[in-house]
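*Asks:* requesting a structural model of the entry that follows:
(one chain, ligands or ions: 2)
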Amino acid sequence: MWRKIQSDWPAYLLSLLVVLVILVKATTNHQEQIIVSIDSTWHPPSLYLDPIKNKEERELVLYGKELIANTSTYLGPKGSVMQISNGMNCQNCHLDAGTRPDANNYSAVSANYPLFRERSGKTESIYKRVSDCFERSLNGTAPDSNSREYQAIHAYIQWLGKDVAKGTHPKGSGIKRPDYLQRAADPEKGKKVYAIHCERCHGANGEGQLNLDNTGYSYPPLWGKHSYNTGAGLYRLSNFAGFIQSNMPFNEVTAHNKLTDEEAWDIAAYVNSQPRPSMKALHDWPDMHKKPIDHPFGPYADSFSEQQHKYGPFLPILIARQKH
Ligand code: HEC
Ligand code: HEC
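*Replies:* Numbers count the residues shown, from 1 in each chain. Ligands and ions are numbered 1, 2, ... in the order given. You can find the predicted model right below:
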C-alpha cells in the first residue's frame with residue numbers, strides 16, 4: 001500500500017487538493033447562506049471588508065468606538081482625559097459598542113438625526129442626544145462639542161449608520177418593550193427574582209463590581225450614587241424591562257430562558273424603587289399630552305397618580321389616553 005502511494009503520489013496529492021477545494025467551497029457557501037438569512041437584522045460596517053481609507057478619519061472612528069466601550073477609562077472619576085462621568089461606560093447599555101441587535105444599538109442614529117423629540121420639545125442634534133446620556137445615564141457633564149472626544153464619538157456613530165437609509169429604523173434598533181401587565185409591577189416580587197438572576201453580578205445592593213485597577217466596572221451598578229440618575233431613559237420601567245428581557249443575564253439570554261414579561265416588569269420596579277442620584281429635569285416633555293405613560297414625574301394631562309404612572313397598571317392609562 002505504502003509503495004503504491006509513493007509511486008502514485010502526484011495522483012494522491014491531486015485528489016487531496018480536490019477534496020480540500022470542495023470543503024472550502026462548501027463552508028464558504030454555507031457562510032453566505034447564513035449571512036443572507038440574518039440579513040434583515042442590521043449589522044455594523046466592517047473595518048476589514050470596508051476599510052476607512054483616510055487615516056485621520058479611521059483613527060477618529062476607532063477612538064470613538066474605544067470611548068463608547070471604555071468611557072470610564074478616559075472620562076470617568078479617574079479618567080485619563082477628563083473626569084466628567086460616573087464610572088459607567090456607554091457600552092454598559094449600548095452593548096458591543098452600540099452594535100448588538102435589541103441592545104439599544106446606534107444603527108438608526110445617523111439616519112434619523114436631527115430629530116424632533118417630545119422629551120425636549122425641540123429638534124435635537126446628535127450632540128444634544130449624546131449629551132443627554134452623559135448628563136443622565138452617566139450622571140455627569142458632556143464633553144464640549146469641539147473636543148476630540150465628542151468629535152470621535154460623533155464620527156463613530158455616523159460611520160456605524162452610514163449604510164442605513166435616511167429616516168429608517170433597522171430591525172433590532174432601540175429597545176424591544178414587553179407587553180403591559182394587567183396589574184402594577186411589583187417591587188417585592190422583583191426583589192426575589194433579582195436575587196436569583198441578577199445579584200451574582202450586580203451585587204445585593206445593586207452596587208456592581210469595580211475592576212481591579214478601579215478605573216471602571218466589571219459589573220456596572222444598577223442603583224446607588226454611582227448609577228444612572230432619575231432623568232435617564234432606564235429610569236422608565238418599560239425601557240428597563242425591555243432592555244433586561246433581551247439582554248440580561250449578560251450573554252446568557254436565549255429564546256427559551258429569557259425573563260418572562262412579569263419578571264422583567266417586577267425587576268424593573270424593584271431596581272427603580274431603590275435610591276439613585278436625582279435629576280430635576282423640569283423642562284422635559286413640555287407638551288404633557290406627549291408624556292410616555294410610564295414617565296414617573298407629573299404633571300400629567302390625565303388624573304392618574306405618579307405612583308400609577310411609575311409602576312402601572314398601565315392599561316387603564318393607555319385606554320383613557322386613546323379615548324381622547
Ligand atoms: C444607563 C444606561 C445608558 C448609558 C450608560 C448610556 N445610555 Fe445612551 N441611551 C440609553 C437609553 C435607555 C436610550 C434610549 C432612551 C429612550 O429612547 O428613551 C439611549 C439612547 C441613546 C442615543 C439615541 C439612540 C437612538 O437610536 O435614537 C444615543 C446616541 C446615545 N444613547 C448615546 C450614548 C452615549 C454616547 C453614551 C455614553 C456617553 C450613552 N448613550 C450611555 C441608556 C444609556
Ligand atoms: C453574568 C453577569 C451578569 C448577570 C447575571 C446580570 N448582568 Fe446585567 N450586566 C452585566 C454586565 C457585564 C453588564 C455591562 C455589559 C457591557 O458593558 O458590555 C450589564 C449591564 C446591565 C445593565 C445596564 C447598565 C447598568 O448598570 O444600568 C442593566 C440595567 C442590567 N445589567 C441589569 C441586569 C438585571 C436586572 C439582571 C438580572 C435579570 C442582570 N443584569 C444580570 C452582567 C450581568
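
*Asks:* which parts of this structure sit against ligand 1?
*Replies:* Within reach of ligand 1 by C-beta under 6 Å from any ligand atom, the chain has these residues: 71, 88, 90, 92-94, 104, 106, 108-109, 129-130, 133-134, 137-138, 153, 173-174, 228, 232-234, 239. In short, each C-beta sits where N, CA and C put it, glycine included.

*Asks:* which of those residues come close to ligand 2?
*Replies:* Checking these against ligand 2 (C-beta under 6 Å from any ligand atom), the matches are 92, 93, 228, 234.

*Asks:* can you add pLDDT and secondary structure and give the residues you listed back as JSON lines?
*Replies:* Listed next are those as JSON lines, based on pLDDT from 0 to 100; DSSP: H, G, I helix; E, B strand; the rest coil:
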{"residue": "92", "pLDDT": "98", "secondary structure": "helix"}
{"residue": "93", "pLDDT": "98", "secondary structure": "coil"}
{"residue": "228", "pLDDT": "98", "secondary structure": "coil"}
{"residue": "234", "pLDDT": "98", "secondary structure": "helix"}
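
*Asks:* so which residues of this structure form helices?
*Replies:* Ranges of helices within the chain are 2-7, 9-37, 55-69, 71-75, 95-98, 109-112, 126-135, 148-160, 187-197, 199-202, 237-247, 261-271, 306-311, 315-323, based on DSSP state H.

*Asks:* mean neighbour count, distance to residue 179 and mean pLDDT for those - can I get that in JSON lines?
*Replies:* Compiled in JSON lines, those are given as follows (neighbours: other C-beta atoms under 10 Å; distance: least, C-beta to C-beta, whole Å; pLDDT from 0 to 100):
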{"stretch": "helix 2-7", "mean neighbour count": "8", "distance to residue 179": "66", "mean pLDDT": "59"}
{"stretch": "helix 9-37", "mean neighbour count": "10", "distance to residue 179": "27", "mean pLDDT": "57"}
{"stretch": "helix 55-69", "mean neighbour count": "17", "distance to residue 179": "31", "mean pLDDT": "98"}
{"stretch": "helix 71-75", "mean neighbour count": "23", "distance to residue 179": "33", "mean pLDDT": "98"}
{"stretch": "helix 95-98", "mean neighbour count": "20", "distance to residue 179": "23", "mean pLDDT": "98"}
{"stretch": "helix 109-112", "mean neighbour count": "18", "distance to residue 179": "25", "mean pLDDT": "97"}
{"stretch": "helix 126-135", "mean neighbour count": "19", "distance to residue 179": "27", "mean pLDDT": "98"}
{"stretch": "helix 148-160", "mean neighbour count": "21", "distance to residue 179": "30", "mean pLDDT": "98"}
{"stretch": "helix 187-197", "mean neighbour count": "16", "distance to residue 179": "17", "mean pLDDT": "98"}
{"stretch": "helix 199-202", "mean neighbour count": "16", "distance to residue 179": "25", "mean pLDDT": "98"}
{"stretch": "helix 237-247", "mean neighbour count": "24", "distance to residue 179": "10", "mean pLDDT": "98"}
{"stretch": "helix 261-271", "mean neighbour count": "25", "distance to residue 179": "6", "mean pLDDT": "98"}
{"stretch": "helix 306-311", "mean neighbour count": "18", "distance to residue 179": "16", "mean pLDDT": "98"}
{"stretch": "helix 315-323", "mean neighbour count": "12", "distance to residue 179": "10", "mean pLDDT": "93"}
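
*Asks:* so which of the ones you listed comes closest to residue 208?
*Replies:* helix 199-202 (5.6 Å; C-beta to C-beta).

*Asks:* no more questions from me, cheers.
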